[in-house]
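Student: structure, please.
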Amino acid sequence: MTVIETEQTALHALGRKIKSRRIALALSQEALAERAGFARSTLSKIETGNLSPTFEILLKLARGLGTDLAELLHSGSQSALTGRMIVTRGAPGPAVTDDNSALSPLAPQLRGRRFQSYVAEFTCTDISEFGPWNSHATEDFLYVLSGDLVFVSEGYEPEVLAPGDSIHFDGAMPHACLASPGQTCRCLYVFADRVG
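Tutor: Just a heads-up that it's a prediction; the model follows:
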């Protein structure tokens, strides 16, 4: 199976999961789209596997469905364990990608946690090619694993972070995460929904 076929299979599986959860909650596409804060046509394309949702759209969908992002993205069966320990060995789960990044979940089978964790790969190196800046109602933390991270945000000068450096920031602040030219930047990305 090619990478494109694998991505299409994952998009269709995600779409089926979203539709199944929506139906289980007795929500129409219009009702879920309204709860999530985006157009019904966008939801329709996601449910049919014809649109790869952005990170912001996935966050909105998870909230609209009353779940967390890790549970929405988890493709395996429910764990029989009731404890709060999950060990992830080797590579993280399948990545959610857009034009600027790839987010691979860590321990997605753990339900009801207060924070989410990912390995993030940032590939865009030019702010003029980034597109709309990110903004989401979360508290965010990035720890640079490899490559250099260029963190650009509204109201602050750009910060260049090297491996071992970290940044904690308000995700609602418009921001963009870039790699230095000729590099891919890998980070541990941890975020939690804002309280209050």
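Student: any idea how far L188 is from S128?
Tutor: 27 Å (Cβ to Cβ, to the nearest Å). C-beta: built from backbone N, CA, C; applies to glycine.
Student: so between those two, which is more surrounded?
Tutor: Neighbour count, other Cβ atoms under 10 Å: between S128 and L188, L188 has more, with 15 against 6.
Student: OK, contacts around the spatially most central residue of the chain?
Tutor: Geometric centre of the chain, nearest residue: F55, 4.1 Å, by Cα atoms, centre = their mean. F55 makes contact with V96, D98, S101, L103, N134, H136, according to Cβ atoms under 8 Å, 6 or more residues apart in numbering.
Student: among those residues, name the least confidently predicted one.
Tutor: Across the contacts of F55, the bottom pLDDT score, 79, is held by V96.
Student: close enough to count as contact, that one and L103?
Tutor: Yes - assessed by Cβ atoms under 8 Å, V96 is found in contact with L103 at 4.9 Å.
Student: which residues in the chain form strands?
Tutor: 96-97, 101-105, 116-122, 138-146, 149-153, 159-161, 166-170, 175-179, 185-193 (DSSP state E).
Student: relative to H136, how far out is P105?
Tutor: Distance from P105 to H136, by Cβ to Cβ: 16 Å.
Student: ok, those two, which is more surrounded?
Tutor: Neighbours per residue, other Cβ under 10 Å: of P105 and H136, the larger number sits with P105, 25 against 18.
Student: who's the nearest residue to D165 once chain neighbours are set aside bridged to?
Tutor: Closest residue to D165 apart from its sequence neighbours, by Cβ to Cβ, 6 or more residues apart in numbering: V144 at 5.1 Å. Applying DSSP bridges to V144 gives these bridge partners: C187.
Student: neighbours of V144, just the number please.
Tutor: A count of nearby residues for V144, using other Cβ under 10 Å, gives 22.
Student: same check on S20?
Tutor: Quick note: S20 (other Cβ under 10 Å) scores 11 neighbours.
Student: what's the spacing between stretch 185-193 and its chain's center?
Tutor: In terms of Cα atoms, centre = their mean, to the nearest Å, the gap separating the centre of stretch 185-193 from the centre of its chain is 9 Å.
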